[in-house]
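Asks: I'll drop the sequence and a predicted model, then ask my questions.
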Amino acid sequence: MATRAKLTESEAADRLAIRELLDAYAHCADHRDAEGQKALFTEDTRFAVFMDGENTSPTYVLHGREALTPIFDDLNRYDVTTHFNGQNTVTVAGDRGAGELYTIAHHVFTEDGVRQIMIASLRYYDTYTRVGGDWFFAQRELILDWSETRRLAAAAAP
Amino acid sequence: MATRAKLTESEAADRLAIRELLDAYAHCADHRDAEGQKALFTEDTRFAVFMDGENTSPTYVLHGREALTPIFDDLNRYDVTTHFNGQNTVTVAGDRGAGELYTIAHHVFTEDGVRQIMIASLRYYDTYTRVGGDWFFAQRELILDWSETRRLAAAAAP
Amino acid sequence: MATRAKLTESEAADRLAIRELLDAYAHCADHRDAEGQKALFTEDTRFAVFMDGENTSPTYVLHGREALTPIFDDLNRYDVTTHFNGQNTVTVAGDRGAGELYTIAHHVFTEDGVRQIMIASLRYYDTYTRVGGDWFFAQRELILDWSETRRLAAAAAP
């Protein structure tokens, strides 16, 4: 691990801005704000999805911010989603950054009158770029580590 | 997202103190320290609970720190709880702050000899206030996004 | 909670380095990098495991970095793991630190052709020490709050 004597005020600001970028993605997803979600990406962004885990070939790759529309619109079929973010590790050098983020994405839906939950355990390998003072996703590689679908019996009212 | 050139040492301290406030709430909850939990709130705090998700009417609203006692005491019926905190986003201006926090609260209990778990997927919309150098919850709005109750089969000993 | 007027650049660096230590542990675990994981500990580290929760006697205690090998090798029997880190609280004084970390560790495996998941809800009480500029685990106390094993039905392809 790199030895670091101090965290300068500008590096701390960069790290906070990148963490806010990661969390804004989750907030927009869970609020079905597809336009807000797309605005977090560069116009020529690359978004690769690995449904079979790490060190496999991508299941599909999307090029450009506009190509993300169907992905984010797809969330509309869920009653509620929770993109729960865990740890992220980031390195920053000038106007570029790279990092990993753990996310467990919960998707609640109703099928044939049965309430269910689909859980996707994800890790994102990202590159970030600063344009005009703001940070954007230049690339996201979404790794699906495991997933689960099961019936969801709501808690009884307390 | 606001452009930020640097994160000053005082703003960094405020952000850390607010994060510690959020995590102290979880720690006190999971240790059944109701007095410690109440001490994180201002005396005239407002605590609103939305059991039907965002953009609904509150299920109930509590006024004042002392009114929180039954809520926190209610945790005593669980064998163990885990208030697992994810991402939080915060804005700070002077002695006031506001933010959102993701929490998945796990409640393990035994009923009729059957071990069960109740999971509540929560988001908190909070306002924070600094009084005498320390940060407190001025208001918490607890949103229940979804919940689940199921049997809990413990892992076999390794 | 301690009143703090500012977070100095060196304290911020220490806190970041310790958080990176915690997250490196998870990354190494999930990538079956046992050597990398061991390298995060001091040579004379102490690792105590409490399978019956807090305020109990340790189930076992390991002394020294090399004694950790079987623990980390044991992860090899899982198809995939996700060590999902939540909140951590840390205090730092000079070259020593102490803290608590919430982790929900997910272990996916296949037994008799049936895919299953074992979930362990953990909290770590740690002490950290700085040696030669880098931070290491001087001690970890792993508390198992609750665990679960269940069948894992993967999500259908979207």
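Replies: Done, it's in.

Asks: pLDDT-wise, which helix or strand of chain A ranks last?
Replies: helix A:69-73 (a mean of 94; mean pLDDT, DSSP states H and E).

Asks: contacting residues around that one?
Replies: A:28-29, A:34, A:37-38, A:47, A:62 (C-beta atoms under 8 Å, 6 or more residues apart in numbering or on different chains). Bear in mind the C-beta positions are built from the backbone N, C-alpha and C, glycine included.

Asks: Which of those residues fall within strands?
Replies: A:47, A:62 (DSSP state E).

Asks: Ranking by neighbours, what's the top pick from the contacts of helix A:69-73?
Replies: When neighbours are taken as other C-beta atoms under 10 Å in any protein chain shown, the top entry among the contacts of helix A:69-73 is A:Gln37 (22 neighbours).

Asks: who touches that one in this structure?
Replies: Per C-beta under 8 Å, 6+ apart, neighbours of A:Gln37: A:25, A:28-29, A:68, A:72.

Asks: just the residues you listed: which has the poorest pLDDT?
Replies: Looking at the contacts of A:Gln37 by pLDDT, the weakest one is A:Phe72, with 94.

Asks: separation between that one and chain C?
Replies: 13 Å (C-beta to the nearest C-beta, to the nearest Å).

Asks: C-terminal to the least confident helix or strand of chain A, what's the next element?
Replies: Downstream of helix A:69-73, the first helix or strand assigned by DSSP states H and E is strand A:80-93.

Asks: and the helix or strand just after that next one, how far out from the chain's middle?
Replies: As assigned by DSSP H and E, the chain's next helix or strand after strand A:80-93 is strand A:96-111. Remark: strand A:96-111 is offset 5 Å from the chain centroid, using C-alpha atoms, centre = their mean, to the nearest Å.

Asks: Which positions in strand A:96-111 come out as buried?
Replies: A:97-109 (16 or more other C-beta atoms under 10 Å in any protein chain shown).

Asks: the inter-axis angle of the helix ranked longest in chain A versus strand A:96-111?
Replies: As assigned by DSSP state H, the longest helix anywhere in chain A is helix A:9-30. Calculated by axes from the mean of the first three to the mean of the last three C-alpha atoms, to 10 degrees, helix A:9-30 forms an angle of 20 degrees with strand A:96-111.

Asks: Helix A:9-30 packs against which elements?
Replies: helix A:34-38, strand A:80-93, strand A:96-111, strand A:114-131, strand A:134-151, helix B:9-30, strand B:80-93, helix C:9-30 (3 or more C-beta pairs under 8 Å, 6 or more residues apart in numbering or on different chains; DSSP states H and E).

Asks: list the buried ones in that helix?
Replies: A:9, A:11-30.

Asks: Pull out the CA atoms of that helix and give them to me as CSV.
Replies: The C-alpha coordinates for helix A:9-30 follow below in CSV (Å, rounded to 0.1, in the frame of the first residue of the first chain):
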residue,chain,number,x,y,z
GLU,A,9,-7.0,19.4,0.7
SER,A,10,-7.3,19.1,-3.1
GLU,A,11,-6.8,15.3,-3.0
ALA,A,12,-9.4,15.0,-0.3
ALA,A,13,-11.8,17.0,-2.5
ASP,A,14,-11.2,14.8,-5.4
ARG,A,15,-11.8,11.7,-3.4
LEU,A,16,-15.0,13.1,-1.9
ALA,A,17,-16.2,14.1,-5.4
ILE,A,18,-15.6,10.7,-6.8
ARG,A,19,-17.4,9.1,-3.8
GLU,A,20,-20.3,11.5,-4.5
LEU,A,21,-20.3,10.3,-8.1
LEU,A,22,-20.6,6.7,-7.0
ASP,A,23,-23.4,7.4,-4.6
ALA,A,24,-25.3,9.7,-7.1
TYR,A,25,-25.4,6.7,-9.5
ALA,A,26,-27.2,4.7,-6.8
HIS,A,27,-29.5,7.6,-5.8
CYS,A,28,-30.5,8.2,-9.4
ALA,A,29,-31.1,4.5,-10.0
ASP,A,30,-33.3,4.1,-7.0
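
Asks: Sketch out the low-pLDDT regions of chain A for me.
Replies: Along chain A, segments meeting pLDDT under 70 span A:1-4, A:156-158.

Asks: Can you name the residues of it sitting close to chain C?
Replies: Within reach of chain C by C-beta under 8 Å from any C-beta of the partner chain, chain A has these residues: A:1, A:3-9, A:12, A:15, A:51, A:53, A:74, A:86-89, A:100, A:102, A:104, A:118-121, A:145-150.

Asks: change it to 6 Å
Replies: Residues of chain A lying near chain C by C-beta under 6 Å from any C-beta of the partner chain: A:1, A:3-4, A:6-7, A:12, A:86-87, A:89, A:102, A:118, A:121, A:145-149.
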